[in-house]
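[1] I need the structure of the sequence given here:
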Amino acid sequence: MSSNSTHLAYAATIAFLILVPGADPAYPQTSRLVQTSAPSTQEKMTQALPDWARGAVINHVDVPASEKVIALTFDDGPNPPYTRQILQILNEHNAKATFFMVGEELSANRSMAREVLNAGHAVGNHSWSHPSRPRDPGTEVKRTDTLIRIVLGFEPTLFRPPYGIMSNGMSKYARQNRDAVLLWSVDTVDWHKPGAKRIASRVIRGARPGRIVLMHDGGGNRSQTVAALPVVLETLGKQGYRFVTIPELLQLRQAPPAAKPGKQRRSSAIARHAQAKPR
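    You can find the predicted model right below:
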């Protein structure tokens, strides 16, 4: 190790190779050296998963009756200005969420991704290029995992398959890597731009403790999603809901009853299969 590297270590920073857009993070052709602060203990805790969720496919979580919690998730970013607007609204309502980031967008908007993490939200992998039929499923997951480690400084543990497709190899790769594969139980269909009122209504009507809500901060104009968010937070907040990250929701899971001899009970937190419409 060079004296310069040693100095950086003692200064409590980590030197990361930040890749130029388009380069393969696993095998970079071109890179530049920058300093990125190491993630705090709180940031690491924000991303931590319980053992039961490792390799599981999840679309909601059975939580105790006393826990009126719901998880908002945002896909396809980071995407200024919408991601930043969403962060501001969440902060105003003391709400946490989970952002499933596309590798290409993360590569182009690294500082925005860091703002998400610094605000106490969780970050997950949403593939590198959001394909429905990837040529190399493993690389789609691996490239984004690598970039998350480089830019945000933690080991990613959450994967959401583009379009909710479970049969194209990406989810299989993620599960073999013991990542939790996250689907959803409330679909706002905000990608279709149905209007802020309808987006908010879908969340409010579909809200139940332990459910996971799908929204988008990237992939196009998300001004309707931004406009719907305060209504969702205010309405459900008045009903006693708390808004938590996916890792926090998973930690609140209520253990299922013991299986009877000769039978195995499959937790309802594990989705049988989910197929989403294109964004």
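
[2] any idea how far Met112 is from Lys193?
    According to CB to CB, to the nearest Å, Met112 and Lys193 sit 22 Å apart. For glycine as for every other residue, the C-beta is placed from the backbone atoms N, C-alpha and C.

[3] same deal with Ala65?
    For Ala65 relative to Lys193 (CB to CB), the value is 36 Å.

[4] The two: who's more crowded?
    Lys193 (15 against 7; other CB atoms under 10 Å).

[5] Now do the contacts for the more buried one.
    By CB atoms under 8 Å, 6 or more residues apart in numbering, the contact list for Lys193 reads Gly220, Asn221, Gln224.

[6] Next, it: phi, psi?
    Dihedral angles of Lys193 (phi, psi; degrees, to the nearest 10) stand at phi 60, psi 60.

[7] Also the one 10 residues further on?
    Summarising the backbone geometry of Val203 under the convention degrees, to the nearest 10, its torsions are phi -70, psi -50.

[8] which one is it nearest to, not counting chain neighbours?
    Leaving aside its chain neighbours, Val203 sits nearest to Val232 (4.7 Å; criterion: CB to CB, 6 or more residues apart in numbering).

[9] residues contacting that neighbour?
    Leu72, Ala200, Val203, Ile204.

[10] hey, where'd the strands end up in the stretch 51-200 of the chain?
    57-58, 69-75, 97-101, 122-125, 158-159, 180-182, 186-187 (DSSP state E, counting those that start in this stretch).

[11] Just put these in JSON lines and tack on distance to Pro209.
    Shown next, in JSON lines, are the strands of the stretch 51-200 of the chain (distance: least, CB to CB, whole Å):
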{"stretch": "strand 57-58", "distance to Pro209": "15"}
{"stretch": "strand 69-75", "distance to Pro209": "6"}
{"stretch": "strand 97-101", "distance to Pro209": "17"}
{"stretch": "strand 122-125", "distance to Pro209": "19"}
{"stretch": "strand 158-159", "distance to Pro209": "20"}
{"stretch": "strand 180-182", "distance to Pro209": "17"}
{"stretch": "strand 186-187", "distance to Pro209": "12"}
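
[12] Quick one, grab the pLDDT at the residue nearest to Gly138 when sequence neighbours are not counted.
    Using CB to CB, 6+ apart and skipping residues adjacent in sequence, the residue nearest Gly138 is Tyr173, 4.5 Å away. At Tyr173, the predicted lDDT confidence score is 98.
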